[in-house]
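> Let me see the structure of the following:
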Amino acid sequence: MLEPFDLEIFDNTYSVFPEEEGVYTIYKDGKEYLQIQKDTESQWLKLDPASGIPLFGLDEEVNAIGQAIAAREGNSR
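Numbers count the residues shown, from 1 in each chain. Model prediction:
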């Protein structure tokens with residue numbers, strides 16, 4: 001399992017905690033902010049906080065966080 005790490009995007013610092021396969025819990029300003037999951041190479045999905053079901057729809061912030069995670073994981077291999 002991957003260790004938690006920080007990302008800086010859009011002048012914000014996000015703390016990323018890898019969970020189960022392909023799911024990440026994101027913290028912003030020290031508070032749980034959202035959970036995301038990889039959908040395709042370029043698309044990431046926000047998960048519903050209550051049910052954990054993927055919420056389909058374009059979210060630039062979620063995609064930016066996801067792409068930064070993918071880039072970091074690609075560099076660590």
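> what are the ranges of the helices in the protein?
60-75 (DSSP state H).
> can you give me the strands in it?
For the chain, the strands defined by DSSP state E occupy 5-9, 12-18, 23-28, 31-38, 44-47, 54-55.
> what are the pairing partners of the last one, and which direction each?
Here strand 54-55 has these sheet partners by DSSP bridges: strand 44-47 (antiparallel).
> so how far is the strand it pairs with from its chain's centroid?
8 Å (Cα atoms, centre = their mean, to the nearest Å).
> what sits up against that strand?
Identification of contacts with strand 44-47 by Cβ atoms under 8 Å, 6 or more residues apart in numbering yields 23, 34-39, 53-56, 59, 62-63, 65-67. Where C-beta positions appear, they are placed from N, C-alpha and C, glycine not excepted.
> before we move on, what about stretch 63-77?
With Cβ under 8 Å, 6+ apart, stretch 63-77 has contacts from 2, 5, 7, 9-10, 14, 16, 24, 26, 36, 38, 41-44.
> which of those residues has the most neighbours?
Counting neighbours by other Cβ atoms under 10 Å, residue 36 leads the contacts of stretch 63-77 with 25 neighbours.
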